[in-house]
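Participant: Please work out how this folds:
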Amino acid sequence: MLQNLSEFWHFTGFYNATWPHFIMLAVGLFFIWLAIKKDFEPMLLVPIGFGILIGNIPFSTTAGLEIGIYEEGSVLNILYNGVSAGWYPPLIFLGIGAMTDFTALIANPKLMLVGAAAQFGIFGAYMVALALGFAPDQAGAIAIIGGADGPTAIFLSSKLAPNLMGAIAVSAYSYMALVPVIQPPIMRLLTTKNERLIKMKPARAVSQNEKIMFPIIGMILTCFVVPSGLPLLGMLFFGNLLRECGVTTRLARTASNALTDIVTILLGMTVGASTQATTFLTRETVFIFALGFMAFVIASFSGVMFVKIFNLVLPKSKKINPLIGNAGVSAVPMAARISNNLGLEYDPSNYLLMHAMGPNVAGVIGSAVAAGVLLGFLA
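Facilitator: Numbers count the residues shown, from 1 in each chain. A predicted model of the protein is given here:
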């Protein structure tokens, strides 16, 4: 009996626990707290936070239980294949396309330039990562955090740096959730009161034919430029065609609701579970979080500053409010809401949401294109 009890004790989490396990459990609880109490991207942080708890329950690795996420044949490992093989992100992009209205971008195509400018954060972080000693493929995977697009970060890191994917994914989703904290101080610092009060003209009406042609033309043009971005861009534009063509409403509704919800649950939970203490708490992880923050700041800075510079050549009647420059990062629709909320803070009648959605959805396309470029050069 005593021998059986001793064997059982050696199987328990209490016996196998180490301080790194408790640190990661605290991180998981912190994510859940941010989601529930602060309402920071709860759809992302609750699955990720609980996944961190799942991934850091201590167990004996010699018992052959096949329960860990990195153990071949375990249930968690099978679910994690969607992350490691990179097929969850395209499904997420299908849902994003099906729920996204590109009207603001179609009506004012120059806002695409704002979304493109925000991608400077990616390439700035790439150069710094190289300078810190990361290999080119690792630097590229880390730099994509600056796009503020979790699925894109997972897709690219699964191809370029699978060993860093957990840290990169958690970093990307963390900064997406912290958009309301990070971006407003940058926007206030870079703009004057007069610039914040700029009122933009209502966008022109966009015809249904334009909405249908946009995903078709957009897919062909972007994928001809960066064929390596086809899994993301193809699914994004396909989802949008399902939404706009008018004859596949049921498919669009499934893609944007049930399918996206299921994949988000599985992706968030497995990404969280992949952050096991033994693989996550490393010196590299600290650098990844620091570089990700820097990339995100540069992206927000670049978007706002590009609008300010662009306004120098635009006539007074067509000037753009620099507050929508932050929306060039692809944290949809949170970044656009921040633009709108800050605009209303200085002028309660200045609604910027629809204008900000232009660069915001352009940022989704831009981050996928940037991922395709990095994948094409570094894979």
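Participant: use CA for all of it now, contacts and neighbours both
Facilitator: Will do.
Participant: and the host helix or strand of Phe123, how far from the chain's centre?
Facilitator: Under the criterion of DSSP states H and E, Phe123 resides in helix 120-131. In terms of Cα atoms, centre = their mean, to the nearest Å, the centre of helix 120-131 is set 17 Å apart from its chain centre.
Participant: give the contact list for Phe50.
Facilitator: Phe50 sits next to Gly28, Leu29, Ile32, Met269, Gly272, Ala273 when contact means Cα atoms under 8 Å, 6 or more residues apart in numbering.
Participant: Just name the closest of those to Ser349, please.
Facilitator: The closest of the contacts of Phe50 to Ser349 turns out to be Ile32 (Cα to Cα; 35.5 Å).
Participant: Enumerate every residue touching that closest one.
Facilitator: Pro42, Leu45, Val46, Gly49, Phe50.
Participant: thought Met305 was touching Leu189?
Facilitator: No: assessed by Cα atoms under 8 Å, Met305 is found out of contact with Leu189, at 10.9 Å.
Participant: out of these two, which sits in the more crowded spot?
Facilitator: More crowded of Met305 and Leu189, by other Cα atoms under 10 Å: Met305, with 22 against 9.
Participant: Tell me the spacing between that one and Ala117.
Facilitator: From Met305 over to Ala117 the distance is 9 Å, taken as Cα to Cα, to the nearest Å.
Participant: Please name the nearest non-neighbouring residue to His355.
Facilitator: Among residues not flanking His355 along the chain, Ala104 sits closest, at 6.3 Å (Cα to Cα, 6 or more residues apart in numbering).
Participant: element containing the one you found?
Facilitator: Going by DSSP H and E, Ala104 is part of helix 103-107.
Participant: chain center to that helix, what's the gap?
Facilitator: 22 Å.
Participant: Quick check: next helix or strand after it?
Facilitator: Later in the chain than helix 103-107, the nearest helix or strand by DSSP H and E is helix 111-117.
Participant: Using PDB, write down the CA coordinates of that following helix.
Facilitator: In PDB, the C-alpha atoms belonging to helix 111-117 read as follows (Å, rounded to 0.1, in the frame of the first residue of the first chain):
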ATOM      1  CA  LEU A 111      -6.000  55.000 -47.200                       C
ATOM      2  CA  MET A 112      -4.200  51.800 -48.300                       C
ATOM      3  CA  LEU A 113      -1.000  53.900 -48.100                       C
ATOM      4  CA  VAL A 114      -1.600  54.500 -44.400                       C
ATOM      5  CA  GLY A 115      -2.000  50.700 -43.800                       C
ATOM      6  CA  ALA A 116       1.200  50.200 -45.800                       C
ATOM      7  CA  ALA A 117       3.100  52.800 -43.800                       C
END
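Participant: What mean pLDDT does that helix get?
Facilitator: Averaging pLDDT along helix 111-117 yields 90.
Participant: which secondary structure elements does that helix contact?
Facilitator: helix 283-311, helix 353-378 (3 or more Cα pairs under 8 Å, 6 or more residues apart in numbering; DSSP states H and E).
Participant: Just the mean pLDDT for the longest one, thanks.
Facilitator: Helix 283-311 carries an average pLDDT of 91.
Participant: Could I get the CA-only coordinates of the helix holding Ala104 as CSV?
Facilitator: What follows is helix 103-107 as a C-alpha-only set of coordinates in CSV (Å, rounded to 0.1, in the frame of the first residue of the first chain):
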residue,chain,number,x,y,z
THR,A,103,-16.2,49.8,-48.2
ALA,A,104,-14.2,52.5,-46.5
LEU,A,105,-11.0,51.4,-48.3
ILE,A,106,-12.7,51.1,-51.7
ALA,A,107,-14.2,54.5,-51.3
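Participant: by contact count, what packs against it?
Facilitator: Checking 3+ Cα pairs under 8 Å, 6+ apart, helix 103-107 ends up next to helix 208-225, helix 353-378.
Participant: rewinding a little: which one of the contacts of Ile32 is nearest to Asp347?
Facilitator: Ranked by distance to Asp347 (Cα to Cα), the contacts of Ile32 are led by Pro42 at 29.4 Å.
Participant: residues contacting the closest one?
Facilitator: Contacts of Pro42 by Cα under 8 Å, 6+ apart are Ile32, Leu34, Ala35, Ile36.
Participant: circling back to that earlier point, minimum distance to Gly246: which of the helices and strands packed on helix 103-107 has it?
Facilitator: Of all the helices and strands packed on helix 103-107, helix 208-225 comes closest under Cα to Cα, at 8.9 Å.
Participant: Other residues contacting the next helix or strand after that closest one?
Facilitator: Counting by DSSP H and E, the element after helix 208-225 in chain order, helix or strand, is helix 230-244. Residues from elsewhere that reach helix 230-244 (Cα under 8 Å, 6+ apart): 89-91, 93-101, 152, 208, 211-212, 215-216, 218-219, 222-223, 248-249, 251-253, 255, 365, 368-369, 372.
Participant: again, but for stretch 79-87
Facilitator: Contacts of stretch 79-87 (Cα under 8 Å, 6+ apart): Ile69, Tyr88, Pro89, Ile154, Phe155, Ser158, Lys159, Pro162, Leu266, Leu267, Thr270, Val271.
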